[in-house]
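Q: Give me coordinates for this.
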Amino acid sequence: MTDGFGGNSWRLVTTASAEAEAKKCPSVTDFEYADGQGDTQKAIADIQGMVAKGVNALVVFPDAGEAVLPAIRSAYAAGVVTVPYRVTPGGEAGEDYDVFVDTDFAEAGKNWGEWIKQILPDGGNILFLSGPPGNSQGNDEAEGLHEVLDPEGKYNFIGEQPFEVTNWDPAETQKVLTSAISQNEQIDVIVSDFGPSLVGALPVFEQSGRSIPAIAASDGNVLSCFYEDHKADNPDFKLFTVSTQNDHSRLAIQQAVARATGGEEPDSSTFPSLVFEDSESKDKPVQCKKDLPDDVYLSAEMPGEEQAALLK
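A: Predicted coordinates for the structure are as follows:
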């Protein structure tokens, strides 16, 4: 398994989840991992190195997109079962790799949009934050949001479009939010595809004498516990999360192992976007475990205690 960048808690849990999934199959005798460390050339070399080692199957998180497609194609041509996932490298399944295990980011946007309609039936101002400029995840999520909300004619997207750029960096997120608060008297909902990154910036609302608004995001223990600690003093603060999808790697591993061993392939190559928490629903309450670290994702199959051990 190779990562374009493995240096945060989400990647640690996601990689460990992949290894745990691989170990479920007795035919898997070894699990190798390489971290590209955000360096495209290293990511390419890592893929080439895995092929040189003689691996039978290769799961790739192609952060650099099409830049790593030639290396992926070479691995596939060498007879290695090759499965990119989550970020598209371009190319075609059956020609450049075996299968691309994707996820429907637009579905997350639709889930957020439907919740916003429920809590703000009369409309409101929405601030959407995503990662680097032009990233496909944020673009797809924005499409899902607009598909649900635009026909209503009463929801106003404020800030840079299709999303405010944060690079998924908490420090940059704080800058973006601070600027948005000063420029907009009314922010009714903040949407973010990296919920935990919001936590450092949300107190800015309280410091300016305003309630923290409703938040639609991806899950994280730090965000859920922040909600539990601050909801009483912030009447507008509601929380809705979708799974942060650490287990996307499990489906990629299932596809790779099945193809390499002649086993039964999963029915789907698309990992679903699943609702995890809704502060307004008894069925999906907010989950906060204060005895666990901030960087734990309770929507993952891996128990929080095992994730905590990885982070030490």
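Q: need the helices for this structure, in chain order.
A: 9-22, 40-53, 69-77, 105-119, 136-149, 170-183, 203-207, 221-230, 248-261, 304-310 (DSSP state H).
Q: Run through the residues that contact T40.
A: Taking CB atoms under 8 Å, 6 or more residues apart in numbering as the definition of contact, the neighbours of T40 are G4, A64, A67, V68. The way it works is simple: take the backbone N, C-alpha and C, and place the C-beta from them, glycine included.
Q: Among those residues, which ones are in strands?
A: Applying DSSP state E to those, no entry is found in strands.
Q: who's in contact with the least confident helix or strand in the chain by mean pLDDT?
A: For the chain, the helix or strand with the lowest mean confidence is helix 170-183, at a mean of 89 (criterion: mean pLDDT, DSSP states H and E). The set of residues external to helix 170-183 that reach it, using CB under 8 Å, 6+ apart, is 127, 129, 158-159, 164-166, 187, 190, 192, 196-202, 204-205, 208, 210.
Q: Which residues belonging to that helix are considered buried?
A: P170, E172, T173, Q174, V176, L177, A180, I181 (16 or more other CB atoms under 10 Å).
Q: chain center to it, what's the gap?
A: 21 Å (CA atoms, centre = their mean, to the nearest Å).
Q: Of the contacts of T40, which pair is most distant in space?
A: For these, with distances taken as CB to CB, the pair at the greatest spread is G4 and A67 (9.3 Å).
Q: For those two, indicate the residue with more neighbours.
A: Between G4 and A67, counted using other CB atoms under 10 Å, the more crowded position is G4 (24 against 16).
Q: Setting the sequence-adjacent residues aside, check what's closest to that one.
A: Beyond its immediate neighbours in the sequence, the residue positioned closest to G4 (CB to CB, 6 or more residues apart in numbering) is D63, lying 2.6 Å away.
Q: wait, what's in contact with the one you found?
A: For D63, the residues meeting the contact criterion (CB under 8 Å, 6+ apart) are D3, G4, F5, G36, G38, A43, V87.
Q: L145 and F5, how far apart?
A: The gap separating L145 from F5 is 26 Å, by CB to CB, to the nearest Å.
Q: L310 too?
A: L310 is 17 Å from F5, where distance means CB to CB.
Q: do the same with A300
A: Distance from A300 to F5, by CB to CB: 19 Å.
Q: circling back to that earlier point, so for L145 and F5, which residue has more residues nearby?
A: For L145 against F5, the residue with the higher neighbour count under other CB under 10 Å is L145, and the figures read 27 against 16.
Q: Tell me if I'm right that that one and E107 touch.
A: No: L145 lies out of contact with E107 (CB atoms under 8 Å); the separation is 11.0 Å.
Q: how deep is N234 tucked in, by neighbour count?
A: A count of neighbours around N234, defined by other CB under 10 Å, yields 17.
Q: What sits closest to the most centrally placed residue in the chain if chain neighbours are left out?
A: The residue lying closest to the centre of the chain (CA atoms, centre = their mean) is T244, at 4.6 Å. Computed as CB to CB, 6+ apart, the closest residue to T244 that is not its neighbour in sequence is S218, at 4.3 Å.
Q: pLDDT wise, what is the one you found at?
A: In this model, S218 is scored at 96, pLDDT.
Q: Tell me who's in contact with it.
A: Contacts of S218 were listed using CB under 8 Å, 6+ apart, and they are A108, S192, D193, F194, G195, P196, T241, V242, S243, T244, Q245.
Q: Can you give me the pLDDT of the closest residue to the first one other than its chain neighbours?
A: In other words, A108. Spatially, and ignoring its direct neighbours in sequence, A108 is nearest to S273 (4.4 Å; CB to CB, 6+ apart). With respect to pLDDT, S273 has a value of 91.
Q: what's the answer for A64, then?
A: Model confidence at A64, given as pLDDT, is 86.
Q: Backbone dihedrals for it, please?
A: The phi/psi pair for A64 (degrees, to the nearest 10) reads phi -80, psi 10.
Q: The nearest residue to it once chain neighbours are set aside and V101: what is the separation?
A: Sequence neighbours aside, T40 is the residue nearest to A64 in space, at 4.3 Å (criterion: CB to CB, 6+ apart). With distances defined as CB to CB, the gap from T40 to V101 amounts to 21 Å.
Q: Cheers, nothing more for now.
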